[in-house]
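**Student:** return a 3D structure for these sequence lines:
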Amino acid sequence: GFHVCEFCPAPDPFDAMPQTVYGDHSLNLGSAEIRVPVPQTPRHMFAAPNLIIHYVIEHEYLPPDAFVAAVMEYDDSWAELRVGPWFPAGASILMRNGRMAELTPTGVKRLRKR
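**Tutor:** Residues are numbered from 1 along each chain as shown. Next up is the predicted model:
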């Protein structure tokens, strides 16, 4: 399923589905979540609906300071960790270089660019 932005009026729910673009990738928002690792000890991870991107850009939402700091310090090397409770097998990752990867029980499998 998916969620739409409750603050943006639209005649059709599919017209209300926000999108974001990263490099040459376009992503519909509202059907997934993002996970942002906190690099400091104790290590933990923030999880948020990916609509947070839309709320920040379009509605000037300001997430908590700790979340913003984790985003600003983001390093996708966390994806090299083994699958665990925060890294479910089969999850797709959009890496900083614009390539997609998939988490497997033994680590990360880089996917070919389409």
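**Student:** could I get the full set of helices for this protein?
**Tutor:** 52-59, 65-72 (DSSP state H).
**Student:** reformat the ones you listed as a markdown table; add distance to Q19, mean neighbour count and mean pLDDT.
**Tutor:** The C-beta positions use only the backbone N, C-alpha and C, and glycine is treated the same way. Shown next, in a markdown table, are the helices of the chain (distance: least, CB to CB, whole Å; neighbours: other CB atoms under 10 Å; pLDDT from 0 to 100):
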| stretch | distance to Q19 | mean neighbour count | mean pLDDT |
| --- | --- | --- | --- |
| helix 52-59 | 9 | 15 | 91 |
| helix 65-72 | 19 | 13 | 90 |
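**Student:** could you dump these to TSV with distance to N28?
**Tutor:** Listed next are the helices of the chain as TSV, based on distance: least, CB to CB, whole Å:
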stretch	distance to N28
helix 52-59	10
helix 65-72	20
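**Student:** where does the protein have low pLDDT?
**Tutor:** Applying pLDDT under 70 to the chain picks out residues 1, 10-16, 41-42, 76-91, 93-96, 103-114.
**Student:** switch to 80 and redo it
**Tutor:** 1-2, 9-17, 22-23, 25, 39-44, 75-114 (pLDDT under 80).
**Student:** do a quick rundown of the strands in it.
**Tutor:** Assigned by DSSP state E, the chain shows strands spanning 19-22, 25-28, 33-38, 44-49, 92-94, 100-104, 107-110.
**Student:** neighbouring contacts of the second one?
**Tutor:** Right, the one you point to is strand 25-28. The contact list for strand 25-28 (CB atoms under 8 Å, 6 or more residues apart in numbering) reads 2, 17-21, 50, 94, 98.
**Student:** which of those residues sits closest to R35?
**Tutor:** Looking at the contacts of strand 25-28 and their distance to R35, the nearest is N50, at 10.1 Å (CB to CB).
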